[in-house]
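Participant: no sequence on hand, only this structure:
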């Protein structure tokens, strides 16, 4: 199967002089972050993600890099201490911003040919489609983890919140400024229970 080109990340030769280059775990993690970082601004579940930033977690980084969670934490701490990255912890994820000069200076180079720009536009469209697919898969997984609710409630909830906006291309849940699946599901279940009781009373009358 032919590999699909998903764009490029530029690395300067001065990377060889970087203080963590000979630290295998830290260097590997940094290169992984470079490849995963956003190249343009976007929204994810109410979060504004800028270029050079990404949303992830220790567990996810561990799976993606093959490093243990402990090694990921240690490597990330080194990058934070030397101000190569800045992290912003959230309840279920961590936002990482890459601040290493050797990355920013090279990646933000605007000297692109018309051919390169056309390729980048095509790559951006492909990446956006992949992001939407990944987003809805993550949302489905998060919803159906709540096995304390009936399958009907989970299906109705999922189908409603994944309705796609024809103009923006986003799913309904992505347009919400505030989102907590636990609280939304609880409210949905209460409303459905209330409607069921009302229907039963109408039948008895």
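Facilitator: Cool, got the structure. None of the values given here were measured: they were computed from a predicted structure.

Participant: need the pLDDT of the residue minimising distance to the centre of the chain.
Facilitator: With distances taken as Cα atoms, centre = their mean, the chain has residue 55 as the residue nearest its mean C-alpha position (4.6 Å). Note for residue 55: predicted pLDDT of 87.

Participant: then the one 5 residues further on?
Facilitator: Per-residue pLDDT puts residue 60 at 92.

Participant: that one sits in which helix or strand?
Facilitator: Using DSSP states H and E, residue 60 maps to helix 58-65.

Participant: give me the buried positions along that helix.
Facilitator: 58, 61, 62, 65 (16 or more other Cβ atoms under 10 Å). Where you see a C-beta, it was placed from the backbone N, CA and C, and this is true even at glycine.

Participant: distance from the chain centre to it, please.
Facilitator: Offset of helix 58-65 from its chain centre (Cα atoms, centre = their mean, to the nearest Å): 13 Å.

Participant: and after it, which helix or strand comes next?
Facilitator: Downstream of helix 58-65, the next assigned helix or strand under DSSP H and E is helix 69-81.

Participant: so which bits of that next one are buried?
Facilitator: For helix 69-81, by 16+ other Cβ under 10 Å, it's 71, 72, 75, 76, 78, 79.

Participant: equivalent analysis for stretch 47-57, please.
Facilitator: Residues of stretch 47-57 classed as buried by neighbour count (16+ other Cβ under 10 Å): 49, 52, 53, 54, 55, 56.

Participant: and which of these is nearest residue 17?
Facilitator: The shortest approach to residue 17 among these belongs to residue 52, at 21.0 Å (Cβ to Cβ).

Participant: that closest one and residue 98, how far apart?
Facilitator: Residue 52 sits 5 Å away from residue 98, going by Cβ to Cβ, to the nearest Å.

Participant: ok, back up a step: how about the residue nearest to the centre of the chain, what does it touch?
Facilitator: Residues in contact with residue 55 (Cβ atoms under 8 Å, 6 or more residues apart in numbering) are 44, 47, 49, 93, 94, 95, 96.

Participant: and this protein, what are its domains?
Facilitator: 13-107, 131-204 (automatic domain parsing).

Participant: which one of those domains is the most hemmed in?
Facilitator: Sort the domains of the chain by mean neighbour count, taking mean count of other Cβ atoms under 10 Å, and domain 13-107 sits at the top with a mean of 16.

Participant: re the thing from before, state the pair within the buried residues of helix 69-81 that is farthest apart.
Facilitator: Greatest spacing in the buried residues of helix 69-81, by Cβ to Cβ: 71 and 79 (12.7 Å).

Participant: the closest residue in space to residue 40 that isn't next to it in sequence: what secondary structure?
Facilitator: With sequence-adjacent residues excluded and distances taken as Cβ to Cβ, 6 or more residues apart in numbering, residue 40 is closest to residue 51, at 5.8 Å. The three-state assignment at residue 51 reads coil, by DSSP: H, G, I helix; E, B strand; the rest coil.
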